[in-house]
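[1] Sequence and computational prediction follow.
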Amino acid sequence: MKSKITASLTRTRMLVFSVSLLMVACVSIVGSVEARYLRSALKQTAPATQAAPVEKTVEQVQKNIQVLTGMPASQLIPVMN
């Protein structure tokens, strides 16, 4: 009787261990694929952000600006409305 219980527990432990090992392997594979995908996505978008032109400030476009200094020129009219 004890040998049947021991064999059953051993089988259950092996099954739990195998399932746990498979889950860890799956999570590792999915994580590495996601990381590779994110790296490739960042490489594709990086040149686009570097190529954006710098917008002129309000002081460079308008005369006699004393309060809203440092703001992009395209934001002057929406801020004043």
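    Alright, I've got the coordinates.

[2] Domain map for this protein?
    Taking automatic domain parsing as the criterion, the chain consists of the domains 1-50, 54-81.

[3] Tell me the gap between the first one and the middle of its chain.
    Shown here is domain 1-50, whose average C-alpha point lies 20 Å from the average C-alpha point of the whole chain (CA atoms, centre = their mean, to the nearest Å).

[4] what about residue 11, distance to residue 23?
    In this structure, residue 11 lies at 19 Å from residue 23, with CB to CB, to the nearest Å as the measure. Bear in mind the C-beta positions are built from the backbone N, C-alpha and C, glycine included.

[5] mean confidence score for the lengthiest helix in the chain?
    Scanning the chain for the helix with the most residues, using DSSP state H, yields helix 2-50. Helix 2-50 carries an average pLDDT of 82.

[6] right, and the helix or strand after that helix?
    Sequence-wise, the next helix or strand beyond helix 2-50 is helix 58-61, with elements assigned using DSSP states H and E.

[7] Would you mind identifying the next helix or strand past that following helix?
    That would be, after helix 58-61 and using DSSP H and E, helix 76-80.

[8] what mean pLDDT does that next one have?
    When the per-residue pLDDT values of helix 76-80 are averaged, the result is 84.

[9] residue contacts, the nearest residue to residue 57 once chain neighbours are set aside?
    The spatial neighbour of residue 57 that comes closest, neighbours along the chain excluded (CB to CB, 6 or more residues apart in numbering), is residue 70 at 5.9 Å. Contact criterion CB atoms under 8 Å, 6 or more residues apart in numbering gives 57, 58, 59 as the residues in contact with residue 70.

[10] Quick one, which of those residues are buried?
    Taking 16 or more other CB atoms under 10 Å as the criterion, what is buried in the contacts of residue 70 is 57, 58.
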